[in-house]
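Colleague: Sequence plus predicted model, see below.
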Amino acid sequence: MKVTVVGAGAVGASCAEYIAIKNFASEVVLLDIKEGFAEGKAMDLMQTASLNGFDTKITGVTNDYSKTADSDICVITSGIPRKPGMTREELIGINAGIVKDVSSNLVKHSPNTIIIVVSNPMDTMAYLVHKTAGLPKNRVIGMGGALDSARFKYRLAEALGAPISDVDGMVIGGHSDTGMVPLTRLATRNSVPVTKFISEERLNQVMEDTKVGGATLTKLLGTSAWYAPGAAVSALVQAIACDQKKMFPCSVMLDGEYGMKDICIGAPVILGRNGIEKIVELELNDAEKAHMKESAEGVRKTNDLLEV
Ligand SMILES: NC(=O)C1=CN([C@@H]2O[C@H](COP(=O)(O)OP(=O)(O)OC[C@H]3O[C@@H](n4cnc5c(N)ncnc54)[C@H](O)[C@@H]3O)[C@@H](O)[C@H]2O)C=CC1
Ligand SMILES: O=C([O-])CC(=O)C(=O)O
């Protein structure tokens, strides 16, 4: 199993590290445009192998796509992150050109690959890759909902005073400060609806904290987060590589599901060796449907800025 990660920055390196530590891939190629940077990150990570007990071979390359040839899975993290006070959408001007270029280079050398798009604004970048890379729709996946759901569970556990392993929940919709749809109605503590334990007011606070999860960290860190994003990407890579058939909310090209077409937005999918093997349609209530519709309007507004 060969995995390429483009962008050896904060998220790319964290993602490569988690993939290696989980020890399911034979090879991870890190590629960056900055001379020597990916080589340095790869060497540093390889020097953790004997300490962390993995056999995955990590190599770094400067913009040499021939080294990525025949990758089973490619992750795109290249581009700029936001700074405090910015929205993800403001990154489109620089990141669209990078993502388009990178995905076309990847597909040239790995025509059978599955691409996971991470760069922001992620739903629009996933849409761009769908429109330009020429891959079937099951092989382009946007990572956002897996991370947002992990943050939702963190906030739920905090509100419940429970361990995170006790709670379950999912965030669908767009990966943006206003577009996320945390499904509070379906969140549970050991199968019991969380509404049994916390007030509606507290649950609304959990929802709002979840939606601005990325912005909160950006304010604290001065740049956006990387540990949970890297872990979320590695979970998707593992589900595909190990054919786990696990369900994650991912940004997926819809064709009638949730009453939408020609848009990439977060919805639950089953991930296996073929990438997106199924889109799961949930029975949403009227409020959730309205929230999802509003979220899609935001994503479409950003998509309209693309030249595709
Ligand atoms: N979808 C999600 O849930 C998340 C998305 N992100 C996004 O991921 C992206 C990366 O974030 P960080 O790793 O924090 O940024 P970073 O600045 O640490 O790393 C980005 C790397 O991309 C490289 N790069 C730029 N242009 C390139 C090109 N044409 N080819 C190859 N490499 C190139 C840079 O040299 C840099 O090393 C940002 O757009 C950020 O907004 C970050 C966290 C979560
Ligand atoms: O907040 C950001 O800009 C990066 C990101 O998408 C996240 O951490 O959710």
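Modeller: Thanks, I have it. Nothing here was measured: the structure is a model prediction, and the numbers come from that model. Residues are numbered from 1 along each chain as shown. Ligands and ions are numbered 1, 2, ... in the order given.
Colleague: Where does the protein get nearest to ligand 1, residue-wise?
Modeller: Gly9 (1.8 Å; Cβ to the nearest ligand atom). Just so you know, the C-beta spots here come from the backbone N, C-alpha and C atoms, and that holds for glycine as well.
Colleague: Once you drop chain neighbours, what's closest to that residue?
Modeller: Thr77 (6.7 Å; Cβ to Cβ, 6 or more residues apart in numbering).
Colleague: give the contact list for that neighbour.
Modeller: Residues in contact with Thr77 (Cβ atoms under 8 Å, 6 or more residues apart in numbering) are 5-7, 9, 11-12, 15, 118-119, 233.
Colleague: Show the model's pLDDT score for it.
Modeller: If you check Thr77, the pLDDT there is 99.
Colleague: and the contacts of Thr77, which of them are in strands?
Modeller: Among these, the ones falling in strands (DSSP state E) are 5-6.
Colleague: For the contacts of Thr77, which entry has the maximal number of neighbours?
Modeller: When neighbours are counted by other Cβ atoms under 10 Å, Val5 leads those with 36 neighbours.
Colleague: The strand ranked longest in the chain near ligand 2 anywhere?
Modeller: Using DSSP E to define each element, the chain has its longest strand at strand 261-272. No. Strand 261-272 lies out of reach of ligand 2 by Cβ under 6 Å from any ligand atom, never closer than 11.8 Å.
Colleague: buried residues in that strand?
Modeller: 263-272 (16 or more other Cβ atoms under 10 Å).
Colleague: And stretch 126-135, by the same measure?
Modeller: Counting neighbours by 16+ other Cβ under 10 Å, stretch 126-135 gives 126-133, 135 as buried.
Colleague: Intersect these with the contacts of ligand 2.
Modeller: Counting by Cβ under 6 Å from any ligand atom, no member of the buried residues of stretch 126-135 reaches ligand 2.
Colleague: And the pLDDT for Leu271?
Modeller: 99.
Colleague: so what's the residue of the chain found nearest ligand 2 closest to, chain neighbours aside?
Modeller: When distances are taken as Cβ to the nearest ligand atom, the chain reaches nearest to ligand 2 at Gly214, 2.3 Å away. Once flanking residues are discounted, Gly214 sits nearest to Ser224: 6.0 Å by Cβ to Cβ, 6+ apart.
Colleague: Might you report the residue contacts of that neighbour?
Modeller: 10, 81-82, 214, 217-218.
Colleague: quick one: which of these is nearest Met180?
Modeller: Gly214 (9.4 Å; Cβ to Cβ).
Colleague: Check which helix or strand the closest one maps to.
Modeller: Gly214 belongs to helix 213-221 when assigned by DSSP states H and E.
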